[in-house]
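**Student:** Please work out how this folds:
(6 chains)
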Protein chains: 6
Amino acid sequence: MYELGVCYRNITRADRAATDALAALGSATVHEAQGRVGLLQPYMRPIYRGAQVSGTAVTVLLQPGDNWMLHVAAEQIQPGDIVVAAVTAECTDGYFGDLLATSFQARGARGLIIDAGVRDVKTLQEMGFPVWSKAISAKGTVKATPGSVNVPVVCAGMWVRPGDAVVADDDGIVCVPREKVAEVLAAAQAREANEGAKREQLASGVLGLDMYKMREPLAKAGLRYID
Amino acid sequence: MYELGVCYRNITRADRAATDALAALGSATVHEAQGRVGLLQPYMRPIYRGAQVSGTAVTVLLQPGDNWMLHVAAEQIQPGDIVVAAVTAECTDGYFGDLLATSFQARGARGLIIDAGVRDVKTLQEMGFPVWSKAISAKGTVKATPGSVNVPVVCAGMWVRPGDAVVADDDGIVCVPREKVAEVLAAAQAREANEGAKREQLASGVLGLDMYKMREPLAKAGLRYID
Amino acid sequence: MYELGVCYRNITRADRAATDALAALGSATVHEAQGRVGLLQPYMRPIYRGAQVSGTAVTVLLQPGDNWMLHVAAEQIQPGDIVVAAVTAECTDGYFGDLLATSFQARGARGLIIDAGVRDVKTLQEMGFPVWSKAISAKGTVKATPGSVNVPVVCAGMWVRPGDAVVADDDGIVCVPREKVAEVLAAAQAREANEGAKREQLASGVLGLDMYKMREPLAKAGLRYID
Amino acid sequence: MYELGVCYRNITRADRAATDALAALGSATVHEAQGRVGLLQPYMRPIYRGAQVSGTAVTVLLQPGDNWMLHVAAEQIQPGDIVVAAVTAECTDGYFGDLLATSFQARGARGLIIDAGVRDVKTLQEMGFPVWSKAISAKGTVKATPGSVNVPVVCAGMWVRPGDAVVADDDGIVCVPREKVAEVLAAAQAREANEGAKREQLASGVLGLDMYKMREPLAKAGLRYID
Amino acid sequence: MYELGVCYRNITRADRAATDALAALGSATVHEAQGRVGLLQPYMRPIYRGAQVSGTAVTVLLQPGDNWMLHVAAEQIQPGDIVVAAVTAECTDGYFGDLLATSFQARGARGLIIDAGVRDVKTLQEMGFPVWSKAISAKGTVKATPGSVNVPVVCAGMWVRPGDAVVADDDGIVCVPREKVAEVLAAAQAREANEGAKREQLASGVLGLDMYKMREPLAKAGLRYID
Amino acid sequence: MYELGVCYRNITRADRAATDALAALGSATVHEAQGRVGLLQPYMRPIYRGAQVSGTAVTVLLQPGDNWMLHVAAEQIQPGDIVVAAVTAECTDGYFGDLLATSFQARGARGLIIDAGVRDVKTLQEMGFPVWSKAISAKGTVKATPGSVNVPVVCAGMWVRPGDAVVADDDGIVCVPREKVAEVLAAAQAREANEGAKREQLASGVLGLDMYKMREPLAKAGLRYID
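**Tutor:** Below is the predicted model:
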């Protein structure tokens, strides 16, 4: 299903303002607002805690143990992009380190999502360049075989197209199709708006059972209380 | 083996004072003092480092992808409890986030042990509500099918009954049967009492080989030194 | 392939000065400089972030669930050593805690690499004693069956001989054969020397494509740009 | 939660006739009939295909790398039993081979369920002694530390008590509490009775959509057909 | 990226004759002929050995623990189809057994590829209905929440669209985009044509080193022979 | 620790007669006789059941996704050898298929042990060429980068040197250092000699508890019987 050996230069990016507004809502709220689809698998973890970003995807399809296409991708980065990298086979090698991060950051990238390994993680944290990966590994890579840039890829079990919006934080990573960003943003903001009032009630000791009126449906579903 | 669709309201909790005193001793010492049984599997990890708690178990049996019973459990929480949640099948979904944590904290819960995923981990850390889980995931859950509250459960390979004592810290989680808490506490305190003196000796350069008088048993067991 | 029940007292350690100089270069650079061999598998992770050490290996072969030989190893430690411990079977038990760490530190050890579990991780971090392990577990171990000290071992997929140099940091762990430390150090320093200039260029927006002159080889390898 | 160092000689076994009748129904039907609880985790696999057994559990709690208690268990076996063995820690060692199988078979055991490894699998298949395990390994075990026989155990994530009924086949393993065997058997037989007619209809080309009258509920649940 | 709650009735299937001809070539040859892309991850395994099939994909997107959409899919099956099923979250439950297999077989399906579990595997083998899955589990599923039929899915790491050709055998599963089937078939047949002659030469003792003229490129790549 | 880019032509093979005699004893008995060391990790599995072989190791160090050195190894095979292949990184690709097997078989190889994937497994079984691997995968490999032949390697966690004896069967794979083959063979044969008499006794209903005189040591170790 993959096209190898090509780099698409013109991609349609999701709406900038809507994409940028997703970051503050976070991956969990966006995932809910989108109908519980679009999540990358939870083995993807941030290399350091606390970053919360959104951006438009520049996609990369990498060969195993070969990071050549990350250099090709660097040129395609525009401010506000997040690079989303998949590999054609399972690989934990350290594809990305402080030099590439310097280049990506200079181009305006907000982070990297890579279904493989990275290295120089201490420096990446000092630079404030967030990465979500499935491994950390000192093992470097070669530059020998072309993959592709800006073709649709499967990254950590999710289909990501160039230009789609991506939201990533400590809870995980969600992909929002570029055509749906405005709609998902609106749903996410509506969801968020209710949270403050709920949190206050719960903090005061009100039970979710009462606040969400769950007692009746629970009884109907057959829950029995035993003293 | 599991009873589904029930919530037991009256459970016998382990002695409060003895249970509370376990926290300071930590999971490793309590595990030793109990004869090296009771440990949950080490894939369970704290969502942030540094918390060290003990409490009495309110147990929850969850359906896959369904967190309804956590709301039922909330009502059963008394100050000093720790919620221990198992799932009837493998699941990494994010069953628990900041709203439920607000509710649990308001009820007096000291933490959550869940053999599944959680989300909103940044907020949970800011709230100081510790969780030990097997995954972090932005994926939410539905509220559709009853499980149970306060039935015995298998959580991360260990049998935990409602009211048993639980100790959790950066090293892991230990369950102490409610009938044995006083006995285990005494054994753990005795163990702890010796540690300071040992540490001093070892810090001064005395070898464990000499301090524990291991040279003779090692020779008997056949260890040979070769120059 | 393993010799059990022996402790070799006289081992040939890698050159001290060269070994010590490797720490500043880090595991990724040393691994590259050595021709991309010598890396332990990336499932080995530091129990806390930020430590970066190098040292000469005192090797230990442990029995499953039995840490007796770590005490035997303690006596063989000289200042500047790093203990490298393998187990004869898969095991995640907590072989090592604050007491052994106190002893190792008193003897001059700079860290522990162990293909198993450790515990007391909070205290180990407070002590500043770095450990790379495959698990954290409160489960203790017995002292019943001899293994060996200072025999060659397979640790996390890599062959490590007593006296070899070891470099460990947040990115992973590399073993350098004791005969090659000077040569690898020189290669690593040469590599490092170029990095500053490269980083500056990349930070200014120069692309790796141009800096590394990759455009022609990419075209030759068949990469096509599509507008 | 585990009692170590004891062997209970008198256990209450599930009703023999009802237990024996479960085998023909198979693990999937029994699991359904029991309300979808009681299943051991699916990493447990038969060492050869085609065996389908039921029996009453003699439980064993083993120490890691130590099969001593399997010999203690042999004496407790009565015709119609299945031995269910758990280990106090993760272990893939080969606890069981052709000699123990000869002994178990002579005592009347119908099989072994073990949350660890076994060996001599070619001979076991020739003998017709079925085993469900999580690993196959040539690695033998010692006889050094007592565990227990006929205490409740957690085996592959399920709580199994001595005397409970166990059903195992190519699809997996289900535990039925000894008090519920007759009730579960009746439910399973009722379930089975309908299957023949359904199979015939489906084989003739009738769709499940029609046979189960799913079209209306699917439409209500929101399914849309698009041409 | 996923569309939930829809069933597309009209899909464009890959050319029937070309798709059918792929089976004899096998997954390895087709994968090579396609440029080494299109392979599902190797954790997918046949439930029995020896089946070798090709067909056009009817895709299914399932909810965790819910096999409702497999019934919806049954109606969309045409002779020569293979059902390719993905789940919106990790799940090992047994979604498919002998009743559904009877229905699928009656509709003309040649097999099932499912990124989850199946059951009744003994009966499935007797029926000659091949399945490739990631687990075998007796655990059944509910029919509660719609997914989708004939939308593109990610199955075991690969993007599969309705109507694409699929080849599956003991070595694995390859997806061929419906537009490329003729081209890939031709390339695979050309590849296959050479194999017989090569096999004869190798069987007679000729070395691949000579047959493929590898000695010179190996020397150029730096291989040194040492006596 | 690995030497890359070399092929050693002259290796010292373990004694032929003694090596050949190990096959009949099997991996479990040889492993015991050697003092329970030398076993490769149990994730290594035969691609088909029933083969039982021993031979002298021709070792291969492969690059990830690159099977070039298997062709170099073919030339070094002598009748009675078993090829033992390691990879410098985790990889499940199908490095070996029916063509290479034809070549290996023509050279006199008795099997392949490979810490990676293989393909064409149906044909390999028909040819009677046994393989132990960690994966089966249709994914082929390139021929681009030299590794080594006949250097010591770590294969599935065990150190194997060229010329060492290897025993493999359904239970697993054991490596015997070439210097110890005669000694291990004698110990294994002595072990085997006792098995027949033991099996007879156990088959007649004698308990291991009595045959091995375990009752007293069990009581000393603290085992209590409870009626």
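
**Student:** how about A:Ser133, phi and psi?
**Tutor:** Phi and psi for A:Ser133, reported as degrees, to the nearest 10, are phi -140, psi 170.

**Student:** all strands for chain A, in order.
**Tutor:** A:6-8, A:45-46, A:53-62, A:81-87, A:112-118, A:131-136, A:148-149, A:153-155, A:158-160, A:165-169, A:172-176, A:224-226 (DSSP state E).

**Student:** Quick check: A:Val87 touching A:Val60?
**Tutor:** No. Using CB atoms under 8 Å, A:Val87 is not in contact with A:Val60, being 9.3 Å away. Bear in mind the C-beta positions are built from the backbone N, C-alpha and C, glycine included.

**Student:** which of the two has more neighbours?
**Tutor:** Legend: neighbour count by other CB atoms under 10 Å in any protein chain shown for A:Val87 and A:Val60, higher for A:Val60 (32 against 25).

**Student:** How about that one, nearest residue that isn't a chain neighbour?
**Tutor:** What sits nearest to A:Val60 in space, not counting adjacent residues and going by CB to CB, 6 or more residues apart in numbering or on different chains, is A:Ala85, at 4.2 Å.

**Student:** I'd say that neighbour and A:Val118 touch.
**Tutor:** No. The criterion here is CB under 8 Å, and A:Ala85 misses it with A:Val118 at 9.9 Å.

**Student:** Give the residues shared as contacts by these two.
**Tutor:** A:95, A:112 (CB atoms under 8 Å, 6 or more residues apart in numbering or on different chains).

**Student:** anything in the helix ranked longest in chain A near chain B?
**Tutor:** Criterion DSSP state H: the longest helix present in chain A is helix A:181-203. Yes. Contact of helix A:181-203 with chain B (CB under 8 Å from any CB of the partner chain) involves A:195, A:198-199, A:202-203.

**Student:** just checking, what packs against that helix?
**Tutor:** helix A:16-22, helix A:26-33, helix A:208-211, helix B:98-107 (3 or more CB pairs under 8 Å, 6 or more residues apart in numbering or on different chains; DSSP states H and E).

**Student:** quick one: contacts of that helix?
**Tutor:** A:14-15, A:18-19, A:21-22, A:25, A:29-30, A:32-34, A:165, A:176, A:208, A:211, B:98-100, B:102-103, B:105-106.

**Student:** What ranges in chain A fall below the confidence cut-off?
**Tutor:** Scanning chain A for pLDDT under 70 picks out A:1.

**Student:** Pick out the residue nearest the middle of it.
**Tutor:** Centroid-nearest residue in chain A: A:Ile173, 3.1 Å away (criterion: CA atoms, centre = their mean).

**Student:** backbone phi and psi for the nearest residue to it once chain neighbours are set aside, please?
**Tutor:** Residue nearest to A:Ile173 in three dimensions, not counting chain neighbours: A:Leu40, with 4.3 Å by CB to CB, 6+ apart. A:Leu40 adopts backbone torsions of phi -70, psi 160, taken as degrees, to the nearest 10.

**Student:** wouldn't A:Leu40 be in contact with A:Met158 here?
**Tutor:** Yes. Counting by CB under 8 Å, A:Met158 is a contact partner of A:Leu40 at 4.7 Å.

**Student:** that older thread, next, the angle from the longest helix of chain A to strand A:53-62.
**Tutor:** Following axes from the mean of the first three to the mean of the last three CA atoms, to 10 degrees, one obtains 130 degrees for the angle between helix A:181-203 and strand A:53-62.

**Student:** Quick check: buried residues in helix A:181-203?
**Tutor:** A:181, A:184-185, A:187-188, A:192, A:198-199, A:201-202 (16 or more other CB atoms under 10 Å in any protein chain shown).

**Student:** Nearest to F:Leu4 among the residues you listed?
**Tutor:** If you rank those by distance to F:Leu4 using CB to CB, A:Val181 comes first, at 48.5 Å.

**Student:** Check the gap between that closest one and A:Ala188 for me.
**Tutor:** 10 Å (CB to CB, to the nearest Å).

**Student:** rewinding a little: would you point to the one among the helices and strands packed on helix A:181-203 that's packed deepest?
**Tutor:** Burial of these is given as mean neighbour count (mean count of other CB atoms under 10 Å in any protein chain shown); helix A:26-33 ranks first at a mean of 26.

**Student:** what's the distance between that one and the middle of its chain?
**Tutor:** Offset of helix A:26-33 from its chain centre (CA atoms, centre = their mean, to the nearest Å): 11 Å.

**Student:** now swap in stretch A:16-34 and tell me
**Tutor:** Worked out by CA atoms, centre = their mean, stretch A:16-34 lies 11 Å from the chain centre.

**Student:** repeat for stretch A:171-186
**Tutor:** Its chain's C-alpha centre lies 10 Å from the corresponding centre of stretch A:171-186 when counted by CA atoms, centre = their mean.

**Student:** measure it end to end?
**Tutor:** Distance between the boundary residues of stretch A:171-186 (CA to CA, to the nearest Å) amounts to 21 Å.

**Student:** ok, A:Cys155 - contacts?
**Tutor:** A:40, A:59, A:84-86, A:113-115.

**Student:** quick one on the thing from earlier: kindly indicate which of the buried residues of helix A:181-203 lies nearest chain E.
**Tutor:** Set against chain E, the nearest of the buried residues of helix A:181-203 by CB to the nearest CB is A:Val184 (12.1 Å).

**Student:** Show me which residues of chain A sit near chain E.
**Tutor:** Contact residues, chain A versus chain E (CB under 8 Å from any CB): A:1-2, A:4, A:35-38, A:41, A:88, A:90, A:152, A:154, A:157-161, A:164, A:175, A:177.

**Student:** Buried ones only from the residues you listed, please, as a PyMOL command.
**Tutor:** Here is the PyMOL command that selects only those of the residues of chain A next to chain E that count as buried (16+ other CB under 10 Å):
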select buried, chain A and resi 1+2+4+36+37+38+41+88+90+152+154+157+158+159+160+161+164+175+177
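
**Student:** now, which of the residues of chain A next to chain E lie within helices?
**Tutor:** When those are checked against helices (DSSP H), there are no matches.

**Student:** Against chain B, which of the residues of chain A next to chain E make the cut? List them.
**Tutor:** A:Arg36.

**Student:** just to revisit the earlier point, which residues are in contact with both of A:Leu40 and A:Met158?
**Tutor:** Shared contacts of A:Leu40 and A:Met158, defined by CB under 8 Å, 6+ apart, are found at A:Cys175.
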